[in-house]
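Participant: Sequence and computational prediction follow.
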Amino acid sequence: MPYPAGHLIFFVLLLFPIALYGFAKAFRRGKLQRSDWWYFLVLFGIGSFFSLFPDISAVINLLLYGARGDHCNIGTLPTHSLLFASIAFVGGVLPGMVLYRQWHKALAVGVFAEAASLSHLLLDDMDNGIITYLYPLYNEPFSLFPYLNTGLSAMGVMYYVTALAGLLSFVLVVLMAFLSLRYLGFGFTYDPFKRED
């Protein structure tokens, strides 16, 4: 599994560069106000936190049991699953509602947080982690990136189906992040957000 710094670098270089570029361009032209920095830093914080969120089990196990414990489970609940990653959506909507005070903007923040959490799962999957994507429907771990494994594997139809699913899920996560950031005004050109009352 990549270290937390690896997940943060993956988030910043893959999911957040469009926001960094647009914001830096607006900063260079002097078109930013003080409140724009607040929106940028809160979105960066939300994305950074939720890119590390599936590893919260390591922190909880350390606090409860005093040892490193299991990296991928809190009790019997796997933290590296789509069900647990969906908590990121709710966890993004709540601060999004406080920040923007509009449901559609808050939902976009939730989608961005979900994309950050899913990027963690995909990065761990690429590193041969134990990912139980479909918990509780299917409790066994499986990989969406079988072509990255170095061991021998069968070259049947399912091999190519899961390889295609891995590639499409990667593209979907990147698009989720880019489109939600664009909807929030953080695109190639930064559009300062004007709150509707």
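Facilitator: Okay, I see it.

Participant: Tell me where the model's unsure across this protein.
Facilitator: 1-2, 67-70, 146-156, 158, 192-197 (pLDDT under 70).

Participant: Where is the longest helix in this protein?
Facilitator: Criterion DSSP state H: the longest helix present in the chain is helix 157-183.

Participant: so what does it touch, helix or strand wise?
Facilitator: Applying 3 or more Cβ pairs under 8 Å, 6 or more residues apart in numbering; DSSP states H and E, we find helix 157-183 packed against helix 17-28, helix 103-126. C-beta coordinates here come from the backbone N, C-alpha and C atoms, glycine included.

Participant: Tell me which other helices or strands the shortest one touches.
Facilitator: Just to be clear, that refers to helix 17-28. helix 34-52, helix 157-183.

Participant: related to what we said a few turns ago, report the inter-axis angle for the longest helix of the chain versus helix 103-126.
Facilitator: 140 degrees (axes from the mean of the first three to the mean of the last three Cα atoms, to 10 degrees).

Participant: which residues does residue 43 contact?
Facilitator: By Cβ atoms under 8 Å, 6 or more residues apart in numbering, the residues touching residue 43 are 19, 109, 112, 181, 184, 186.

Participant: So the third one is in contact with residue 183, correct?
Facilitator: No: between residue 112 and residue 183 there is no contact, the gap being 9.1 Å when judged by Cβ atoms under 8 Å.

Participant: who has more neighbours, those two?
Facilitator: Between residue 112 and residue 183, residue 112 has the larger neighbour count (other Cβ atoms under 10 Å), namely 30 against 16.

Participant: export stretch 31-44 as PDB, just CAs?
Facilitator: Provided in PDB are the C-alpha atoms of stretch 31-44 (Å, rounded to 0.1, in the frame of the first residue of the first chain):
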ATOM      1  CA  LYS A  31      -8.400  38.600 -10.000                       C
ATOM      2  CA  LEU A  32      -8.700  36.900  -6.700                       C
ATOM      3  CA  GLN A  33     -10.400  38.200  -3.600                       C
ATOM      4  CA  ARG A  34      -9.900  37.000   0.000                       C
ATOM      5  CA  SER A  35     -13.000  34.800  -0.100                       C
ATOM      6  CA  ASP A  36     -11.600  32.900  -3.100                       C
ATOM      7  CA  TRP A  37      -8.700  31.700  -1.100                       C
ATOM      8  CA  TRP A  38     -11.200  30.300   1.400                       C
ATOM      9  CA  TYR A  39     -13.000  28.300  -1.200                       C
ATOM     10  CA  PHE A  40      -9.800  27.000  -2.700                       C
ATOM     11  CA  LEU A  41      -8.300  25.900   0.600                       C
ATOM     12  CA  VAL A  42     -11.500  24.200   1.900                       C
ATOM     13  CA  LEU A  43     -11.800  22.200  -1.400                       C
ATOM     14  CA  PHE A  44      -8.100  21.300  -1.200                       C
END
